[in-house]
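Visitor: My questions concern the predicted model and sequence given below.
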Amino acid sequence: MTSRPVDSRGRVPRMDGTKASKIRWLIAIACAIGLAINYIDRSAISVSLPFMTQDFHLTPTEQGLILSAFSWSYALMQIPAGRLIDRFGERLMFGASVLVWSVFTGLTAIASSFGVLLGLRLGLGIGEAGAYPSSAKTVARWFNPRQRGRATAVYDSGARIGSAVATPLIVAIIAIWGWRSVFVLAFVIGVLWTAGWWALYRHPEALRSVNQAELDFINEGRAEAPATQERPMALGKLLRFRTVWAMMLGFFCVNFMVTFFLTWFPSYLVNERGFDLLGLGVFGAIPPIAAIAGSWIGGLVGDALLARGWTLTRVRKTCLVSGMLICSVIALAAVAPESWQVLTLMSISYAAASFTIVTIWCLPADVAPTGTVASLGASQNFFSNIGSALSPIVIGALYGATGSFVFPLVLSGAVAVAGALIFGLMLRRVEPLVPAVERLAV
């Protein structure tokens, strides 16, 4: 099939009076909504925890274990989820993922003990494991590289919007109906999204609303791809590549830092900075709002640099290294005397993390065969969520030992610098993964 020409901005021009339809952006928005629900649900217990503690009498160590439990099961299920997505498709598995995590979220409303809370958080992690790999697979199927950065920014910004909305929304619900109502409402929203996704989503070729011009643009550059690319690459083969290890270790560093905002940040504002319920609801949303902007900027910058003729390797590495270095300003919040300074620094750090994450989630589609995108995305997400699992435990232990968040914030900044070094030195080239035997045969 011959692909249609595109202009310098990656748009399909008029041909025979027909403009390309834009169904691909509707699909990206649907993924964004799913990830917004994902982050609202995973943030629900973090925002509710200072108030749940009154009912459950949780110690700081128990709070850290509850916050961490999600990440352990989430991380362990990443690789199985990726393989299932590559085998059964993103339509079935994304919907199933949202449905499973919504059930565990809803059951949290009737939790009665520390042990039950811990088990439900483990179940939440199992369900949510398929969300990001499904979104990466969807974008790989629906977008060509010219728009992949912006498409990734669209769905990733859903996670940031979810984070931003979570704090004021959950605080308002708690103030009106109590913390248990938060989890009931989250369950209902998740079920509604699942029904909508299964009704809407199909492959581009199967949707009548996708016209030929859009289909040609989506498939640009794929006509010569061998059929073997649709078969998942074995995990053992993936782990032989230096690029894959750089992706996994670098993402570990990003998530170690970002998880602070999803777990201990509300407690930090309440316990260390003296914010009340109203202050937490208003000012606690500022860094997540900044993260939304960071996500959009990441997608726009990446695509713009590609349009200017930069190589894919140069674009991705520039965004990754610069983003991680800016993330490290979170360490300065440890010594900032004023609350507005803390919020400014944390907003910059969170925005830079979102900027970086957009590029990270472009990498699986950049380097993996089509049939392996979800598996590779899940593999890097597995390592990243080991960082997420360790972060609340380490921060909780340091906070419990010192009674201060100074050391946790400094450590988070140092881990961000380590991530910049990994992406800068270990990630050599961003190019398709080709086993050594196949390279020799070319």
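Guide: Ah, there it is. Residues are numbered from 1 along each chain as shown.
Visitor: list the contacts for the closest residue to residue 184 other than its chain neighbours?
Guide: Nearest residue to residue 184, sequence neighbours excluded (CB to CB, 6 or more residues apart in numbering): residue 109, at 5.0 Å. For glycine as for every other residue, the C-beta is placed from the backbone atoms N, C-alpha and C. Applying CB atoms under 8 Å, 6 or more residues apart in numbering, we find residue 109 in contact with 180-184, 187.
Visitor: Dump those residues to TSV, plus pLDDT.
Guide: Formatted as TSV, the contacts of residue 109 follow (pLDDT from 0 to 100):
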residue	pLDDT
180	87
181	90
182	90
183	92
184	92
187	94
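Visitor: Please produce a markdown table containing those, extended by distance to residue 155 and neighbour count.
Guide: Shown next, in a markdown table, are the contacts of residue 109 (distance: CB to CB, whole Å; neighbours: other CB atoms under 10 Å):
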| residue | distance to residue 155 | neighbour count |
| --- | --- | --- |
| 180 | 30 | 16 |
| 181 | 28 | 14 |
| 182 | 24 | 29 |
| 183 | 24 | 24 |
| 184 | 26 | 16 |
| 187 | 22 | 20 |
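Visitor: between those residues, which is nearest residue 269?
Guide: residue 182 (18.3 Å; CB to CB).
Visitor: What strand or helix carries that closest one?
Guide: Assigned by DSSP states H and E, residue 182 belongs to helix 179-200.
Visitor: Buried residues, that helix. List them.
Guide: By neighbour count on 16 or more other CB atoms under 10 Å, the buried set for helix 179-200 is 179-180, 182-187, 189-190, 193-194, 197.
Visitor: Which strands or helices does it pack on?
Guide: Here helix 179-200 touches helix 23-56, helix 90-107, helix 145-177, going by 3 or more CB pairs under 8 Å, 6 or more residues apart in numbering; DSSP states H and E.
Visitor: Dump these to JSON lines, plus distance to residue 235, mean pLDDT and mean neighbour count.
Guide: What follows is the helices and strands packed on helix 179-200, written out as JSON lines (distance: least, CB to CB, whole Å; pLDDT from 0 to 100; neighbours: other CB atoms under 10 Å):
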{"stretch": "helix 23-56", "distance to residue 235": "24", "mean pLDDT": "86", "mean neighbour count": "22"}
{"stretch": "helix 90-107", "distance to residue 235": "17", "mean pLDDT": "93", "mean neighbour count": "23"}
{"stretch": "helix 145-177", "distance to residue 235": "23", "mean pLDDT": "84", "mean neighbour count": "23"}
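Visitor: Of the ones you listed, which is nearest residue 273?
Guide: Among these, the nearest to residue 273 by CB to CB is helix 23-56 (13.0 Å).
Visitor: Now the element after the closest one, going C-ward?
Guide: Toward the C-terminus, helix 23-56 is succeeded by helix 60-76 as the next helix or strand (DSSP H and E).
Visitor: What ranges in the stretch 151-300 of the chain fall below the confidence cut-off?
Guide: Low-confidence segments of the stretch 151-300 of the chain (pLDDT under 70): 221-232, 274, 276-278, 281.
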